[in-house]
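> 3D model of this:
(one chain, ligands or ions: 1)
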Amino acid sequence: MPLSASLKKGLSFPAIAAPMFLVSGPELVISTCKSGMIGTFPALNQRTSEGYAQWLTEIKSALTPDDAAFGVNLIVHNTNTRLMADLQITVDHKVPLVITSLGAVKDVVDAVHSYGGVVFHDVINARHAKKAAEAGVDGLILVAAGAGGHAGNQHPFALINEIKSFFSGTIILSGAISTGRDVAASLMAGADLAYMGTRFIATTEARADAAYKDMLVDTSAKDITYTDAISGINANFLTPSLIANGLDPAAAKDPHHTIDMAHELNSEAKAWKTVWSAGQGVGSIFDILPVAELVARLKGEFTTAIADFSTRTI
Ligand SMILES: Cc1cc2nc3c(=O)[nH]c(=O)nc-3n(C[C@H](O)[C@H](O)[C@H](O)COP(=O)(O)O)c2cc1C
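Okay, here's the model as predicted:
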C-alpha cells in the first residue's frame, strides 16, 4: 500500500531508523530526518514525560518542511505507567508517526488518528499482526529473525507473504537490514519501507558507549546470542558483552537455566545498559560514521542494486 502523504514528505530513502532503548536521542533523529530517512526514538529514553516533551520541542524546532518526518515509540503495556501522559504529549505535539510495541490498542490508535498521525505496530508473527490490524493500525513492522532487540524467529519471506495475505496497510520489514542493497531487497520482497536498527548504533550520533560501537565493527552473526534470559522476552545480544558481564552464553540459551539479569541488576534498563543488544546484521558493519554519510552510502548502494537488477536477463 502506498505510504501516507505525511510520511512521504521529505522522504528520499525508503527506510526508518528504528527506535532503540538507551541509544536513540534527538541527535540521531534530527540527522536521520535531515538525510531524508524517517528518524525515531523511544519516549522512555527520557526519564520523565516532561523530558520527553522537551525532546519533541527540540526535534521539531530543528526540522524544516524539507526534512523527512519523525516518529516516537510508545510501549503499550501495563508496566508502562507513563503511557497515558506520554500519549497526551504525543497528541499535543502532533507527532507524525507513532510506533507502538507490545499492545495494539484501538484507543491509542484513535488518539493518534485524531490529529492525522500515523500508527505502525511491531509484530513477530501473523497472530499479533491480526490483532493489530483489528485495532486499526496503519502499518505493521514485521520483526523477523536476526533483528536487534526483541526479535522474532520467523524468516522475513514467511512473515511478509503470510501477513500481506490479510493486511493491506503499509508493510515495514525489519531484521538484519544493513545495506542499501538489503533495503532494495526488502522492497522487492513486498515491503513499503525498511526498518534499520543495529546499523544506526554504529554512528557518531547514537547514544551508545564507544566500546559498544567498536564491538559492532568487530563482530559478525556468529557472535549474536538469542535469549530470553536478560529481560524475559527473547532478544538478540552481542555474545562478547554477555561474557564481559560474567554470563555464560550457552547457559543463556538453555531454557532450563534462567539468569534473570534484569532482577540481578535491579532493573531492565540497567540490564540493557550493561548487556548490549544487536542483530545478526553486525557482520555488515565495518565502520562508525556520521548519519549523513551512512545514509548517503545507503542511497548509493540502493541505486546500484536496482540498476544491477534491471539489467539482468534472467
Ligand atoms: C539496542 C537496541 C534497543 C532497542 N530498543 C527498542 C525499543 O525501545 N523499542 C522498540 O520498539 N524496538 C527496539 N529495538 C528494536 C528495533 O526498533 C528494531 O526492530 C531492530 O533493531 C531492527 O533489527 P536490526 O537491529 O537487525 O536492524 C531495539 C533494538 C536494539 C538493537
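> and the gap between residue 23 and the ligand?
From residue 23 across to the ligand, the span is 5 Å (CB to the nearest ligand atom, to the nearest Å). Using the backbone N, CA and C atoms, a C-beta is placed for each residue, glycine as well.
> so which strand or helix has that residue?
Under the assignment given by DSSP states H and E, residue 23 is not contained in any helix or strand.
> Over to residue 111?
Going by DSSP H and E, residue 111 is part of helix 106-113.
> From the chain's centroid, how far away is that helix?
Offset of helix 106-113 from its chain centre (CA atoms, centre = their mean, to the nearest Å): 21 Å.
> For the residue lying closest to residue 14 once chain neighbours are set aside, list each beta-bridge partner.
Of all residues not flanking residue 14 in the chain, residue 193 sits nearest, at 5.2 Å (CB to CB, 6 or more residues apart in numbering). Note on residue 193: beta-bridge partners by DSSP bridges are residue 172.
> My read is that residue 193 contacts residue 3, right?
Yes - between residue 193 and residue 3 a contact is recorded at 7.0 Å, counting by CB atoms under 8 Å.
> list residues touching both of those two?
Shared contacts of residue 193 and residue 3, defined by CB atoms under 8 Å, 6 or more residues apart in numbering, comprise residue 170.
> Between these two, which has more neighbouring residues?
residue 193 (25 against 19; other CB atoms under 10 Å).
> Touching the helix holding residue 111 from outside, list them.
74, 76, 83, 87, 90-91, 95, 98, 100, 118-119, 134-137.
> of the residues you listed, buried ones?
74, 76, 83, 87, 90, 95, 98, 100, 118-119, 135-137 (16 or more other CB atoms under 10 Å).
> With distance to residue 228, secondary structure and pLDDT as extra columns, can I get those residues in JSON lines?
Listed next are the buried ones among the contacts of helix 106-113 as JSON lines, based on distance: CB to CB, whole Å; DSSP: H, G, I helix; E, B strand; the rest coil; pLDDT from 0 to 100:
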{"residue": "74", "distance to residue 228": "23", "secondary structure": "strand", "pLDDT": "97"}
{"residue": "76", "distance to residue 228": "20", "secondary structure": "strand", "pLDDT": "94"}
{"residue": "83", "distance to residue 228": "23", "secondary structure": "helix", "pLDDT": "96"}
{"residue": "87", "distance to residue 228": "28", "secondary structure": "helix", "pLDDT": "98"}
{"residue": "90", "distance to residue 228": "30", "secondary structure": "helix", "pLDDT": "98"}
{"residue": "95", "distance to residue 228": "31", "secondary structure": "coil", "pLDDT": "98"}
{"residue": "98", "distance to residue 228": "27", "secondary structure": "strand", "pLDDT": "98"}
{"residue": "100", "distance to residue 228": "21", "secondary structure": "strand", "pLDDT": "98"}
{"residue": "118", "distance to residue 228": "31", "secondary structure": "strand", "pLDDT": "98"}
{"residue": "119", "distance to residue 228": "27", "secondary structure": "strand", "pLDDT": "98"}
{"residue": "135", "distance to residue 228": "25", "secondary structure": "coil", "pLDDT": "97"}
{"residue": "136", "distance to residue 228": "30", "secondary structure": "coil", "pLDDT": "97"}
{"residue": "137", "distance to residue 228": "26", "secondary structure": "coil", "pLDDT": "98"}
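> Same list, those, but as TSV with distance to the ligand please.
Below are the buried ones among the contacts of helix 106-113 laid out as TSV (distance: CB to the nearest ligand atom, whole Å):
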residue	distance to the ligand
74	9
76	10
83	14
87	16
90	15
95	15
98	11
100	8
118	15
119	13
135	16
136	19
137	14
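> just to revisit the earlier point, out of the contacts of helix 106-113, the closest to residue 307 would be?
Lowest distance from residue 307 to the contacts of helix 106-113 (CB to CB) belongs to residue 118, with 31.0 Å.
> mind checking how far that closest one is from residue 7?
Distance, residue 118 to residue 7, using CB to CB, to the nearest Å: 6 Å.
> What's the biggest helix in this structure, counting residues?
The helix that spans the most residues within the chain, counting by DSSP state H, is helix 291-310.
> Please save the CA atoms from that helix in PDB.
Presented in PDB, the C-alpha positions along helix 291-310 are these (Å, rounded to 0.1, in the frame of the first residue of the first chain):
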ATOM      1  CA  VAL A 291      24.400   9.500   9.900                       C
ATOM      2  CA  ALA A 292      24.600  11.800   6.900                       C
ATOM      3  CA  GLU A 293      27.500   9.800   5.500                       C
ATOM      4  CA  LEU A 294      25.800   6.500   6.300                       C
ATOM      5  CA  VAL A 295      22.500   7.500   4.600                       C
ATOM      6  CA  ALA A 296      24.400   8.800   1.500                       C
ATOM      7  CA  ARG A 297      26.200   5.500   1.200                       C
ATOM      8  CA  LEU A 298      22.900   3.500   1.700                       C
ATOM      9  CA  LYS A 299      21.300   5.600  -1.100                       C
ATOM     10  CA  GLY A 300      24.200   4.800  -3.400                       C
ATOM     11  CA  GLU A 301      24.100   1.100  -2.700                       C
ATOM     12  CA  PHE A 302      20.300   1.100  -3.200                       C
ATOM     13  CA  THR A 303      20.600   2.800  -6.600                       C
ATOM     14  CA  THR A 304      23.400   0.400  -7.700                       C
ATOM     15  CA  ALA A 305      21.300  -2.600  -6.600                       C
ATOM     16  CA  ILE A 306      18.300  -1.500  -8.600                       C
ATOM     17  CA  ALA A 307      20.500  -0.700 -11.700                       C
ATOM     18  CA  ASP A 308      22.200  -4.200 -11.400                       C
ATOM     19  CA  PHE A 309      18.800  -5.900 -11.200                       C
ATOM     20  CA  SER A 310      17.300  -4.000 -14.100                       C
END
